[in-house]
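[1] Okay, sequence plus prediction incoming.
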Amino acid sequence: MLIRLLFCLLLATGTVHAQDRVPLLNPAFSNAVEASLYKTFEELGQKGLKRALSEIDGVLVRNPNFRLGHMIRGDLLMAQSGSPVAFGDKQMLADASAPLRHEARVRMERYFDGPPLHFLPKSLVAFAPKQPYALLVDTDKHRLFVFRNQSGEPHLVADYYVSEGKKGIDKLREGDQKTPLGVYQVTSTVPKNKLSDLYGAGAFPISYPNEWDRLKGRNGSGIWLHGTPSDTYSRPPLASDGCVVLTNDDFESLTRYIDVGSTPVVITSRIEWQEPERWKLDKEDFESSFSQWRKDWESLDVERYLAHYSSRFVSGRQDYDSWTSRKRSVAAGKSHIKVAISDFSAFNFHGGNDSEPYMVVTFVQDYKSNNLNNKMKKRQYWAREDGLWKIVYETSAT
């Protein structure tokens, strides 16, 4: 039964007693429902079935459409009666209940197997000044984490259970029912009154496919963060056509952290958590490489400047050879160059079919030379080659 499986997980991880838990990232519970679920299992371990039933009954009074809650209550009633199953064929029951058992497991694993307190996500390297928050989706854990820019470091402020694509992750094409992996941003908001009930409390479309997706031949559209139908409190972990789906309560809570056009959304197969010292060293390592790129551009030593670009670099329709040839020609007419950088952000992506991590860097570039001045927003994709950061793709950004 579901209750038996989850209670065994509590015992195996040593978390029957709240005071014995390994300290996890705060806040301890994303919402009152998950707090009550956890308390249900603790009550079962400490005070018995009656107290556990009372706890789950309170959840269902507040959220009558919570299917997982009803299943847990049913399991508790079966356990109370001494029956191993309440009705039906065992295999049929197991198959029908698999999505709910999956939801119970991933919801509770957030608290059984969370990252240690004070660790930082490797993906969030640098926020732009206009990015007070960033969203980080861990598809393996089915969680959406919200981080605040706190003096240049990511600080966790909330996290939510989410549903993803029916066919999993790493979207490649239109209609494959997979959730994309990559670095995106919220592009717009769609209010509830403009949507069908499927999308619940509203939606935030994101910028899939991004430049890297298109470079890799990925296509499709309509990837959103959105809510849940009114007759369902939450959806199973693999239930959407590729979108990231929250409960309506959690979606409403999420809206306070969204700035359309600027909030980054990093979707990765698994978050890599780092000790603060390691995180700072990696951040300084990349920012040093980026700064050196700018200085070498200003130096008028075109070969030093081009050494920052990978031999597989592309920009628009230009490959490395055609692009570097043009840069050498342009550099011959320069007597001075000055490049100022502002609104800099950097997000480290890893996971998916790409065989290597890459850094997505967005910034405003104010370029001045003896014969040309311009200001533009630029995006670069950097990757490590032989231990050095190299630029593999560059384009203008919106």
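    Received, thanks. Numbers count the residues shown, from 1 in each chain.
[2] Write down the beta-bridge partners of the residue nearest to Glu298 when sequence neighbours are not counted, one by one.
    Leaving aside its sequence neighbours, Glu298 sits nearest to Ile337 (CB to CB, 6 or more residues apart in numbering; 5.1 Å). Glycine gets a C-beta too; all of them are placed from N, C-alpha and C. On the basis of DSSP bridges, Ile337 takes part in beta bridges with Ser369.
[3] burial of Ile337, as a residue count?
    17 (other CB atoms under 10 Å).
[4] quick one: pLDDT of the residue lying closest to Ala331 once chain neighbours are set aside?
    Closest residue to Ala331 apart from its sequence neighbours, by CB to CB, 6+ apart: Val302 at 4.1 Å. Note for Val302: predicted pLDDT of 96.
[5] same check, this time on Asn374
    For Asn374, the predicted pLDDT is 95.
[6] and it, what are its bridge partners?
    Tyr367.
[7] That one - how many residues pack around it?
    9.
[8] buried residues in stretch 223-237?
    Of all the residues in stretch 223-237, those buried under the rule 16 or more other CB atoms under 10 Å are Ile223, Trp224, Leu225, His226, Gly227, Thr228, Thr232, Tyr233, Ser234, Arg235, Pro236, Pro237.
[9] Got the phi and psi for the residue nearest to Ala331?
    phi -60, psi -30 (degrees, to the nearest 10).
[10] again with Tyr133
    Dihedral angles (degrees, to the nearest 10) for Tyr133: phi -140, psi 160.
[11] In JSON lines: the buried residues of stretch 223-237, plus pLDDT and secondary structure.
    As requested, these are exported to JSON lines (pLDDT from 0 to 100; DSSP: H, G, I helix; E, B strand; the rest coil):
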{"residue": "Ile223", "pLDDT": "98", "secondary structure": "coil"}
{"residue": "Trp224", "pLDDT": "98", "secondary structure": "strand"}
{"residue": "Leu225", "pLDDT": "98", "secondary structure": "strand"}
{"residue": "His226", "pLDDT": "98", "secondary structure": "strand"}
{"residue": "Gly227", "pLDDT": "98", "secondary structure": "coil"}
{"residue": "Thr228", "pLDDT": "97", "secondary structure": "coil"}
{"residue": "Thr232", "pLDDT": "94", "secondary structure": "coil"}
{"residue": "Tyr233", "pLDDT": "95", "secondary structure": "coil"}
{"residue": "Ser234", "pLDDT": "95", "secondary structure": "coil"}
{"residue": "Arg235", "pLDDT": "95", "secondary structure": "coil"}
{"residue": "Pro236", "pLDDT": "95", "secondary structure": "coil"}
{"residue": "Pro237", "pLDDT": "95", "secondary structure": "coil"}
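[12] So which of those is the closest to Val137?
    For the buried residues of stretch 223-237, the minimum distance to Val137 (CB to CB) is 8.9 Å, reached by Leu225.
[13] would you list every one of the strands in the stretch 201-350 of the chain?
    202-205, 224-226, 238-240, 244-245, 264-268, 273-274, 309-315, 318-319, 337-349 (DSSP state E, counting those that start in this stretch).
[14] got these as TSV, with distance to Gly69 columns?
    Below are those laid out as TSV (distance: least, CB to CB, whole Å):
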stretch	distance to Gly69
strand 202-205	24
strand 224-226	22
strand 238-240	17
strand 244-245	18
strand 264-268	28
strand 273-274	30
strand 309-315	51
strand 318-319	56
strand 337-349	36
